[in-house]
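K.L.:
Just to be clear, the model below is a prediction. Sequence and coordinates:
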Amino acid sequence: MAMNFTPGTLIRVALEKPIDSKKAKVGDEVLAKTTDDLKSVPPGLAMKGCKIIGHIVEVTPHQGDTASTLRIAFDKMILKNGSDMALPATIKAVGYAEEFNPATDSEVIDRMGGTGFGRGATQPGPGVGAAGGGAGGVGSGGGDPKVYAGGRLPGGNTGTPGASDAKLPFNAKGAIGMSGVSLEAGSEDSILIAKKKNVKLESGMQMILKTD
């Protein structure tokens, strides 16, 4: 039986290569890897480190009054046994985990009014649990913000976004810590839009993907 995802399954991934709307081209590969083990039938196929592959559908660099846009579609997942499966999915959230406060479902804001970069943190509670997935299916964790007891995610030792082992919660939405950038859902893809600058995604940024 071919493996598949139940529609609406949430998968957390980390971006492997940076993307800049000023340099990117239509058709360029978007490469990410899963950050968690997923329940699968048979077991052990959808584990942490599996590749998620997508491509750039449309890209527009910022120029004058022209907004920068980056449209991304995800296509497939490479399983641990080397086989691949179709993975149509859209981006529910993108950013650095250190810049999201799961207790308030919002970005971390510093005293100057900007987004925080790994500021003030307490260790989160229990990790993500696997759920769902009948025969031939896989499931994801629930991302319940209550397990974090109101604390922010750890910011690492360097204060640099993405420097810690923090994970973007499943309840995150939109472009996290990306000032002036918005995230919109297309019919079968996701669109990042910036009116005053180019859209840039850095290696190590995390995404919450939602399967179609």
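P.N.:
Received it, and whenever you're ready, just let me know what you need.
K.L.:
quick one: low-confidence ranges for this structure?
P.N.:
Applying pLDDT under 70 to the chain flags residues 1, 102-164.
K.L.:
in it, which spans are helices?
P.N.:
Counting by DSSP state H, one finds no helices in the chain.
K.L.:
Now stretch 22-39: buried residues?
P.N.:
Counting neighbours by 16 or more other C-beta atoms under 10 Å, one finds that the buried residues in stretch 22-39 are 24, 30-32, 34-39. To be clear about C-beta, it is placed using only N, CA and C from the backbone, and glycine gets the same treatment.
K.L.:
okay, those residues in JSON lines with distance to residue 96 next?
P.N.:
Shown next, in JSON lines, are the buried residues of stretch 22-39 (distance: C-beta to C-beta, whole Å):
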{"residue": "24", "distance to residue 96": "20"}
{"residue": "30", "distance to residue 96": "18"}
{"residue": "31", "distance to residue 96": "18"}
{"residue": "32", "distance to residue 96": "14"}
{"residue": "34", "distance to residue 96": "17"}
{"residue": "35", "distance to residue 96": "13"}
{"residue": "36", "distance to residue 96": "17"}
{"residue": "37", "distance to residue 96": "22"}
{"residue": "38", "distance to residue 96": "22"}
{"residue": "39", "distance to residue 96": "27"}
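K.L.:
so how many other residues sit close to residue 200?
P.N.:
Residue 200 has 19 neighbouring residues, counting by other C-beta atoms under 10 Å.
K.L.:
now swap in the one 4 residues further on and tell me
P.N.:
For residue 204, the tally of surrounding residues (other C-beta under 10 Å) stands at 14.
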